[in-house]
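Q: compute the structure for the input listed below.
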Amino acid sequence: MTTATPLPVSRSGLSADELADYLADIGGTLVAYGCPTYRLEDVIGLVSRIEGFDAQSFAFPTGLIITLRTSPATPPVLRLVRVKQWSVNLDRLVLVDQIFNEVADRKLTIRAARAKLGELEKRPLPYPRVLQWVAFAVASGATAAFLRGAHAEVAAATVAGLLVGVIGWGLGRIPNARFLAEFVGALAAAVVARAAAIWHPGVSREVIVLAGVITLIPGMTLTTALSEVARKNLVAGAARLTEAMVGFASILFGIATELGIEHLTRLSPAVQSVRAGLPLEWQALALVGASWAIGALFAVPLNYTWTAVVSGAIGYVASTVGGHYLPGHVAAFLGALAVCTASHVFARRTGRPAQLFQLPGLTLLVPGSFGFLSLESFLSGDFTKGAAQGFQMLLVAAALVTGVLLASVIVPARKLL
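A: Okay, the predicted model is just below:
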């Protein structure tokens, strides 16, 4: 009978249990800070190989399962991590990447790394709470400008965005109430749009509502879900798709609730005017504002704020120029390809994760508005239009995923994160 050759023991002098604890710490942290599951699984596999172990991991948006073996003949060491809250936090993701690389380069012990990972939760966000609320307002106001809204729509959308941010913060402090953030935020944005229509007849309520809830729309979740599916992480992709659909439905029901209240009060919607849009200089200002706001909401480190603006500008220019000559989904593909190619170049030169440069630009390209408009059309009974917009949403999302995948081939990443 052939005896299996055991794998070497940990090169850091750790037992399998200690290494499994470290992998669980770093994996759970990455899940909580918005790292895609395929990257997370690659990180865990690399760390275990560096230490001379064999690890298998199964990651999904709400948790992580790790099995670690010292040899094929020995029972595995098992770790299960449950993540109850997650959000994109690029500031902490950069720090996790730094800790991970210092361990890989033998500049930091795994025990010291675990201590540093534990301290991350105590680290304050790079932007004060008030600035985050401002970011919500700026993102909504800029979106109204992108949707060819006039000054009145931009002002009303800014108010709606600020209200959405404050409501989200307030509900987040109440157990279980945080799950109502999309519904209550959308309801508030619809109320603001109604008030704006009463105060300034002729404004586009559609622009105000869509811009007001833009920070709630799970377009990035949808795109990440399709990326997961494309990389054959089917469970994680299906989970994110479900999360995106529930988010869309909650937002839509919040708006539908306001329309129901409006029906009871017998106040008919004001007739919207033709949207001419703002001049080019206002569009440029909106681009800078939206890029900064996304950077603040994603907690981009302060010394890398410029990356959010540059990333957003690259994606916007590439997709806008492409949109003049090509169909919308092809323009989105070009935008994603340009953003991700530039992000990999920046990551190579700075030694930072590509996601730091990639996410802000991609967020301006995600097809969340198509999903929202699709569900809105279904709600109003226009099923043909709703189906067409839903198909357009999936087509644009697929174009973005393809752009991301192709960029990783053109400029291969040197880092896993």
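Q: just checking, what packs against the helix or strand residue 43 falls within?
A: Assigning secondary structure by DSSP states H and E places residue 43 in helix 37-50. Contacts defined by 3 or more CB pairs under 8 Å, 6 or more residues apart in numbering; DSSP states H and E place helix 37-50 against helix 16-32, strand 54-60, strand 63-69, helix 90-104. For every residue, glycine as well, the C-beta is placed using N, CA and C.
Q: which residues in the stretch 151-300 of the chain form strands?
A: In the stretch 151-300 of the chain, no strands are found when defined by DSSP state E, counting those that start in this stretch.
Q: got any ranges where it has weak pLDDT?
A: Along the stretch 151-300 of the chain, the parts satisfying pLDDT under 70 run over 266-276.
Q: which stretches of it form helices?
A: Along the stretch 151-300 of the chain, counting by DSSP state H, counting those that start in this stretch, helices occupy 151-172, 181-199, 205-212, 219-230, 234-265, 280-297.
Q: among the ones you listed, which is nearest residue 76?
A: Residue 76 sits nearest to helix 234-265 of all the helices of the stretch 151-300 of the chain, at 19.9 Å, using CB to CB.
Q: next, the angle helix 37-50 makes with the closest one.
A: Interaxial angle, helix 234-265 versus helix 37-50 (axes from the mean of the first three to the mean of the last three CA atoms, to 10 degrees): 150 degrees.
Q: tell me what helix 234-265 is packed against?
A: Counting contacts by 3+ CB pairs under 8 Å, 6+ apart, helix 234-265 packs against strand 54-60, helix 181-199, helix 219-230, helix 368-379.
Q: just the angle between that helix and helix 219-230, please?
A: With the same axes, to 10 degrees defining the directions, helix 234-265 sits at 150 degrees from helix 219-230.
Q: follow-up on the earlier one: mind checking which of the helices and strands packed on helix 37-50 is nearest residue 147?
A: Shortest distance between residue 147 and those, using CB to CB, is found for helix 90-104: 26.5 Å.
Q: buried sites along the closest one?
A: Within helix 90-104, the residues that count as buried by 16 or more other CB atoms under 10 Å are 90-100, 103.
Q: re earlier: I'd like the helices and strands packed on helix 234-265 as CSV, with mean neighbour count and distance to residue 329 appended.
A: Shown next, in CSV, are the helices and strands packed on helix 234-265 (neighbours: other CB atoms under 10 Å; distance: least, CB to CB, whole Å):
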stretch, mean neighbour count, distance to residue 329
strand 54-60, 20, 29
helix 181-199, 22, 26
helix 219-230, 23, 13
helix 368-379, 21, 10
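Q: turn the helices and strands packed on helix 37-50 into CSV, columns for mean pLDDT and distance to residue 120.
A: Shown next, in CSV, are these (pLDDT from 0 to 100; distance: least, CB to CB, whole Å):
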stretch, mean pLDDT, distance to residue 120
helix 16-32, 89, 7
strand 54-60, 89, 19
strand 63-69, 90, 17
helix 90-104, 86, 5
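Q: now these as TSV including distance to residue 289?
A: Shown next, in TSV, are the helices and strands packed on helix 37-50 (distance: least, CB to CB, whole Å):
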stretch	distance to residue 289
helix 16-32	28
strand 54-60	35
strand 63-69	36
helix 90-104	19
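Q: which of those sits closest to residue 332?
A: Within those, the stretch nearest residue 332 is helix 90-104; the backing value is 22.4 Å (CB to CB).
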